[in-house]
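>>> only geometry, no sequence info:
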């Protein structure tokens, strides 16, 4: 029985070890991009739009088509009749089997720019879809970074809470010793035990929060939620300097950088151009459509040969076709109105997006500035809380202070440690958000130099 239990524990330990993953932030972002379904959807959409653009472009060039058919007719004769002839004259039998083979060539000559504008609009739409995919990658980078640092923060708080429990347990031992020496009361011990119980409950909650944060990161990375993740990166390596610490560029300059780098802005501008080309294509319906045609017919029988004989004979023909809608109940005008309305909508969306991007850059830069300030204050707070707890602990062990002073100092240290870790994570996230806002992490590095 003991060997069975030991074997089961060993297998469990090996299984856990096999599912443990050590990740840096860069590796997590790479995995997130590889597995993200949204990115795959964006890539598929871009491929579809590119294929659609190629299809529209092919319509401008000559097309070669083959047509074939077979008919079986009721047997009969081909007869000629005229008013001067009393009875129809039989020319010959009609072959019951009819075969038609035709190879046709068509080349548009003039379409009022309808085909060329349609191809241009499709190509621009494909470019916009590719730019959307690039922007989706920036969103994935930010989402993975947020989930990664959230797990880091949850584990830091869990560690602080566990250290808090251990310190309170040591205080309980000290209080029991002081009680034996007559320097503490039963009420003092109860105070310590009450706070220790609360700390243990808080530790349970922090452990649960860390597990949930780990599951969330696994979900963002599209891997099993039970995968154990070991974080190899720290926020200090990714937080970097805040803007106010380096005399960084103004918010207006950051907004200008975003205007030149944000792929969603480029996509919106491209869609405006595509909508303009669609207007040109719609207006092409007002013009005549001219195309060149050439055919080679190889039929059995071939009606161009008389008398009709049941054999395959070939003939060719060439020509030019002109067509123009004279009256279609305003369909062309309606198509033009639709295209112009779509162009107006695209321009308004571009303008709205530009305003949103400017606001996003302003907000991200302010958050980065605030995060830098909070980090500076939090560092001082931890130093002060650590020293305060050291002094309070020494006084308490000597019987010179009350449990209230000690427990207050303990709680202050826990809060200051949590705030410092949170400030570091907040600075790293603020930098990642600013990177997304202005179009790339490397641009942030340039902006704060």
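On my side now, so go ahead. None of these values were measured; they are calculated from a predicted model.

>>> Show me where the stretch 51-200 of the chain has its strands.
For the stretch 51-200 of the chain, the strands defined by DSSP state E, counting those that start in this stretch occupy 63-72, 76-80, 89-94, 97-110.

>>> and those as TSV, adding distance to residue 126?
C-betas here are computed from N, CA, C, even on glycine. Shown next, in TSV, are the strands of the stretch 51-200 of the chain (distance: least, C-beta to C-beta, whole Å):
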stretch	distance to residue 126
strand 63-72	22
strand 76-80	56
strand 89-94	53
strand 97-110	22
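
>>> As a markdown table, those strands with mean neighbour count and mean pLDDT would be great.
Output for those, formatted as a markdown table (neighbours: other C-beta atoms under 10 Å; pLDDT from 0 to 100):
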| stretch | mean neighbour count | mean pLDDT |
| --- | --- | --- |
| strand 63-72 | 10 | 91 |
| strand 76-80 | 11 | 60 |
| strand 89-94 | 13 | 63 |
| strand 97-110 | 14 | 93 |
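
>>> Could you say which one of these comes nearest to residue 206?
Nearest of those to residue 206, taken as C-beta to C-beta: strand 63-72 at 68.8 Å.

>>> Low-confidence stretches in the stretch 1-150 of the chain?
1-19, 75-93 (pLDDT under 70).

>>> how about a cut-off of 90?
1-21, 70-98 (pLDDT under 90).

>>> Would you map the helices across it?
Using DSSP state H, counting those that start in this stretch, the helices of the stretch 1-150 of the chain run over 2-19, 25-35, 37-58, 114-180.

>>> Show me what the last one is packed against.
Identification of packing neighbours for helix 114-180 by 3 or more C-beta pairs under 8 Å, 6 or more residues apart in numbering; DSSP states H and E yields helix 25-35, helix 37-58, helix 186-220, strand 228-231, helix 235-239, helix 263-283, helix 331-397, helix 403-438.

>>> quick one: it to helix 263-283, angle?
Angle of helix 114-180 versus helix 263-283, following axes from the mean of the first three to the mean of the last three C-alpha atoms, to 10 degrees, is 160 degrees.

>>> mind starting the numbering at 52 from now?
Sounds good: first residue 52 from here, last item helix 165-231.

>>> And the strands of the stretch 102-251 of the chain: which comes nearest residue 207?
Across the strands of the stretch 102-251 of the chain, residue 207 has its closest neighbour in strand 114-123 (66.1 Å, C-beta to C-beta).

>>> Same list, the helices of the stretch 52-201 of the chain, but as CSV with mean neighbour count and distance to residue 351 please.
Shown next, in CSV, are the helices of the stretch 52-201 of the chain (neighbours: other C-beta atoms under 10 Å; distance: least, C-beta to C-beta, whole Å):
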stretch, mean neighbour count, distance to residue 351
helix 53-70, 10, 72
helix 76-86, 17, 59
helix 88-109, 15, 33
helix 165-231, 20, 36
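
>>> Switch those helices over to CSV; also include distance to residue 395.
Formatted as CSV, the helices of the stretch 52-201 of the chain follow (distance: least, C-beta to C-beta, whole Å):
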stretch, distance to residue 395
helix 53-70, 54
helix 76-86, 36
helix 88-109, 22
helix 165-231, 16
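
>>> quick revisit: quick check: which of the helices and strands packed on helix 165-231 is nearest to residue 363?
When these are compared by C-beta to C-beta, helix 88-109 sits nearest residue 363, at 31.8 Å.

>>> Do I have it right that residue 114 meets residue 166?
No. At 11.7 Å, residue 114 and residue 166 do not qualify as touching, with contact defined as C-beta atoms under 8 Å.

>>> Of the strands of the stretch 102-251 of the chain, which is nearest residue 253?
Of all those, strand 114-123 sits nearest to residue 253, with 74.0 Å by C-beta to C-beta.

>>> Can you give the contact residues for that closest one?
The contact list for strand 114-123 (C-beta atoms under 8 Å, 6 or more residues apart in numbering) reads 147-158.

>>> what would the helices and strands packed on helix 165-231 look like in a markdown table with distance to residue 345?
Listed next are these as a markdown table, based on distance: least, C-beta to C-beta, whole Å:
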| stretch | distance to residue 345 |
| --- | --- |
| helix 76-86 | 51 |
| helix 88-109 | 18 |
| helix 237-271 | 59 |
| strand 279-282 | 67 |
| helix 286-290 | 66 |
| helix 314-334 | 26 |
| helix 382-448 | 29 |
| helix 454-489 | 56 |
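
>>> quick revisit: please name whichever of the helices of the stretch 52-201 of the chain is nearest to residue 375.
helix 165-231 (12.2 Å).

>>> that older thread, nearest to residue 272, of the helices of the stretch 52-201 of the chain?
helix 76-86 (5.0 Å).

>>> List the contacts of the residue positioned nearest the centre of the chain.
Centrality entry for the chain: nearest residue to the mean C-alpha point is residue 187, 2.8 Å, by C-alpha atoms, centre = their mean. Contacts for residue 187 (C-beta under 8 Å, 6+ apart) come out as 87, 89-90, 93.

>>> change it to 10 Å
By C-beta atoms under 10 Å, 6 or more residues apart in numbering, the residues touching residue 187 are 84, 87, 89-94, 314-315.

>>> between residue 114 and residue 166, what contacts are shared?
Any residue near both residue 114 and residue 166 by C-beta under 10 Å, 6+ apart counts here, and that gives residue 159.

>>> For the residue nearest to residue 229 when sequence neighbours are not counted, give its distance to residue 225.
Spatially, and ignoring its direct neighbours in sequence, residue 229 is nearest to residue 235 (3.7 Å; C-beta to C-beta, 6 or more residues apart in numbering). Distance of residue 235 to residue 225, given as C-beta to C-beta, to the nearest Å: 9 Å.

>>> Now do the shared contacts for the two.
Counting by C-beta under 10 Å, 6+ apart, the residues touching both residue 235 and residue 225 are 243, 447, 450, 454.

>>> how close does the second one sit to residue 83?
When distance is defined by C-beta to C-beta, residue 447 is 49 Å away from residue 83.

>>> and what of the first one?
Residue 243 is 45 Å from residue 83, where distance means C-beta to C-beta.

>>> And for the third one?
With distances defined as C-beta to C-beta, the gap from residue 450 to residue 83 amounts to 56 Å.

>>> how is this structure carved up into domains?
72-111+162-339+380-498, 116-161+341-374 (automatic domain parsing).

>>> that older thread, pull out the buried residues from the shared contacts of residue 235 and residue 225.
Among the shared contacts of residue 235 and residue 225, the ones that count as buried by 16 or more other C-beta atoms under 10 Å are 243, 447, 454.

>>> With pLDDT and distance to residue 71 as extra columns, can I get these in a markdown table?
Formatted as a markdown table, those follow (pLDDT from 0 to 100; distance: C-beta to C-beta, whole Å):
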| residue | pLDDT | distance to residue 71 |
| --- | --- | --- |
| 243 | 89 | 37 |
| 447 | 84 | 41 |
| 454 | 84 | 41 |
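
>>> List just the nearest of these to residue 335.
Nearest to residue 335 among those, counting by C-beta to C-beta, is residue 243 at 85.9 Å.
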